[in-house]
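Participant: Following is a predicted model, sequence given first.
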Amino acid sequence: MALTKRRLRELRKEEFRTVWLDRASAGRSAPGVRSAPGSGAHWGLLAAWVAFIALAIAIEPAPARPETAQPLWAGLWEMAMLGALVATGVGLARRRRAGFTASAIAGGIALLGAVMCPASGHHSVGAWWFVQMAGFAALGAVSLAGLRLWRGHS
């Protein structure tokens, strides 16, 4: 019997729902609080953020012109990035959907910052730039994939 692609997708979604709902009922979440079952994805994404931020800082070269003052937009970007990272950490540590949302936002903010850094003249373009852009884009994409799985859970 041949199954259509649509039916296969429905079966996969149902399989995810069944596994997640079984884990959720055995989990420690409080009644009425939406929490994804299984903490592997949350902790994995959180660990990826910590590891990649450390790598991004380690490979970033010294500023091209360290004597110049930081523009206002750069300060605002840093504040937004810090807020998004804090929200990501708290949300993922508490195994909430908001953690994936904040992570996707942080990925976008970080990617924008990586693009703007050489464009503003703060750093010159190098291999570090491509690593940062790819890493932040990947973290954002994984976050969006996690949000998509959440949609299948509800």
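Facilitator: Good, I have the coordinates. Numbers count the residues shown, from 1 in each chain.
Participant: didn't A56 look like it was pressed against G135?
Facilitator: Yes: at 6.6 Å, A56 counts as touching G135 under the criterion of C-beta atoms under 8 Å. (Each C-beta comes from the backbone N, C-alpha and C, glycine too.)
Participant: where do the helices sit along the chain?
Facilitator: Secondary structure of the chain (DSSP state H): helices located at 5-26, 40-59, 72-93, 97-119, 127-153.
Participant: Can I get those in CSV including mean pLDDT?
Facilitator: Putting the helices of the chain into CSV (pLDDT from 0 to 100) gives the following:
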stretch, mean pLDDT
helix 5-26, 55
helix 40-59, 89
helix 72-93, 90
helix 97-119, 88
helix 127-153, 84
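Participant: With mean neighbour count and distance to P66 as extra columns, can I get those in a markdown table?
Facilitator: A markdown table is the format used below for the helices of the chain (neighbours: other C-beta atoms under 10 Å; distance: least, C-beta to C-beta, whole Å):
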| stretch | mean neighbour count | distance to P66 |
| --- | --- | --- |
| helix 5-26 | 12 | 50 |
| helix 40-59 | 15 | 16 |
| helix 72-93 | 15 | 13 |
| helix 97-119 | 20 | 14 |
| helix 127-153 | 16 | 17 |
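Participant: Relative to V125, how far out is the closest residue to G107 other than its chain neighbours?
Facilitator: Using C-beta to C-beta, 6 or more residues apart in numbering and skipping residues adjacent in sequence, the residue nearest G107 is G140, 2.5 Å away. Separation of G140 from V125 (C-beta to C-beta, to the nearest Å) stands at 21 Å.
Participant: go on, W150?
Facilitator: 37 Å.
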